[in-house]
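Chemist: just a sequence and a predicted model for now, questions to come.
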Amino acid sequence: MGAVLQRSATLLLKLSVAVLIALLSGELVCRLLGLGGGIIYPRGLYVSSENPVQAVEFSPGFVGRAYGQPVRINSLGFRGAEIDSKPAEGVYRILCVGDSFTYGMGVREEEAWPAAVERLLEPPDGFERVEAINTGVPGYNLWQGIEVIRRWTPALEPHAIVFALVSNDLEPAFYVQDGYLHVPGRVYSWSFPGKRWLQTRSHMYQFVSMKVTHMLAARVGYEEIAAPRDPELLRQYRAARDEGIGSLRELMEELSTAPARMIIAEIDLQPDSPMLGLVGDAGAPGYPMTLVPTETLIDGHPNADGHERIARQIVDVLRNGH
């Protein structure tokens with residue numbers, strides 16, 4: 001019996017060592033090849049907002065990396081360099097509002113569509129250059145974007161506002177806890193011991209998690225994997241569309257006397273998304289923006305080419321005065 005136990009213990013030890021080596025090797029390969037994009041939500045990038053609608057904001061002055069790309073947050077809490085509160089003479093200022101698709105999750109700040117719009121758009125008559133301010137924050141929903149517009153339009157005096165919406169912008173707001181950004185529960189978001197540790201340290205975990213999410217989305221559709229698990233959250237999610245229409249109508253009324261012109265970029269809305277048709281039902285100026293599969297990252301966010309495509313479509317709308 002003793003010999004059997006000894007052989008079993010030796011076998012278990014060898015198996016444990018083999019598994020550990022495999023996991024470490026997988027982590028190393030993911031880091032070397034850039035798989036998984038690195039840590040998505042690093043500690044300290046987000047802080048709770050004093051504005052209850054916005055819920056979370058970027059930490060002003062943060063410098064680091066997120067999702068495999070360098071990140072710098074200016075003193076106003078936006079991604080990018082410092083900006084003047086008022087547009088300089090001869091500068092045509094665009095306020096770019098949205099979530100991770102606007103922020104540029106997985107790409108450098110100069111590759112995100114706001115920077116591409118700044119580069120591609122010819123200054124309108126009477127202006128010498130274009131300045132696009134990227135106020136995008138990953139996880140922001142429709143109401144958080146509306147609040148950004150209300151808060152920053154008077155302060156920054158933009159000449160135009162581009163509000164980018166995507167398929168999941170009716171979901172509940174993210175929140176900050178212990179210095180990390182937390183996402184409300186979804187069907188695919190199982191909890192287990194050590195999950196937060198893996199989310200904030202393991203590139204391989206991020207890669208596997210994104211692959212699973214991508215496969216589920218392809219198999220069962222957006223609505224099935226994006227719906228909250230909690231019954232109360234699910235009820236809120238289904239009722240959010242009517243509320244969103246009303247909120248967007250109110251914003252349009254508020255902006256009717258403002259000098260800034262707003263357009264809404266509806267980026268790659270999926271057929272089963274409750275966002276589909278919402279902008280039109282609110283009587284707002286919506287413009288569909290398309291993406292192609294080769295221009296997205298593994299989790300569906302646009303890559304640099306995808307952001308360029310979005311920017312060119314936005315520029316076409318701004319240039320032609322639609």
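Modeler: Perfect, I can see it now. As the structure is a computational prediction, the values presented were derived from the model and not from experiment.
Chemist: rest of the way, CA atoms for contacts and neighbours
Modeler: Noted.
Chemist: packing partners for the helix or strand encompassing V17?
Modeler: Assigned by DSSP states H and E, V17 belongs to helix 2-33. Judged by 3 or more CA pairs under 8 Å, 6 or more residues apart in numbering; DSSP states H and E, helix 2-33 is in contact with helix 203-220.
Chemist: for G26, list the residues it contacts.
Modeler: Neighbour list for G26: M204 [criterion: CA atoms under 8 Å, 6 or more residues apart in numbering].
Chemist: I'd like the next helix or strand past the helix holding V17.
Modeler: Counting by DSSP H and E, the next helix or strand C-terminal to helix 2-33 is strand 46-48.
Chemist: in its sheet, what does that following strand sit against?
Modeler: Next to strand 46-48 in the sheet, as set by DSSP bridges, lie strand 56-58 (antiparallel).
Chemist: and the helix or strand following the strand it pairs with, what other elements does it pack with?
Modeler: Scanning forward in sequence from strand 56-58 by DSSP H and E, the next helix or strand is strand 63-66. When contacts are defined as 3+ CA pairs under 8 Å, 6+ apart, strand 63-66 packs onto strand 69-72.
Chemist: what about P271, neighbour count?
Modeler: Counted with other CA atoms under 10 Å, residues neighbouring P271 total 12.
Chemist: how close does it sit to L251?
Modeler: Distance of P271 to L251, computed by CA to CA, to the nearest Å: 25 Å.
Chemist: got it, and N141?
Modeler: From N141 across to L251, the span is 15 Å (CA to CA).
Chemist: of the two, who's got more company?
Modeler: Between N141 and L251, N141 has the larger neighbour count (other CA under 10 Å), namely 23 against 16.
Chemist: got the confidence number for the more buried one?
Modeler: On the pLDDT scale, N141 is placed at 95.
Chemist: could you look up the SS state of the closest residue to it other than its chain neighbours?
Modeler: Distances taken as CA to CA, 6 or more residues apart in numbering place D169 nearest to N141, at 4.3 Å, with adjacent residues excluded. What DSSP: H, G, I helix; E, B strand; the rest coil gives for D169 is coil.
Chemist: spatially nearest residue to I245 (excluding sequence neighbours)?
Modeler: A282 (5.0 Å).
Chemist: the one you found contacts L248, doesn't it?
Modeler: Yes. With contacts counted by CA atoms under 8 Å, A282 reaches L248, the gap being 6.1 Å.
Chemist: where in the protein is pLDDT low?
Modeler: 1-2, 4, 30, 33-39, 185-201, 203, 205-207, 209-237, 321-322 (pLDDT under 70).
Chemist: contacting residues around the residue most central in space within it?
Modeler: The centre of the chain sits closest to S100, judged by CA atoms, centre = their mean, with a distance of 1.4 Å. Neighbouring residues of S100 by CA under 8 Å, 6+ apart: G136, V137, P138, G139, Y140, H301.
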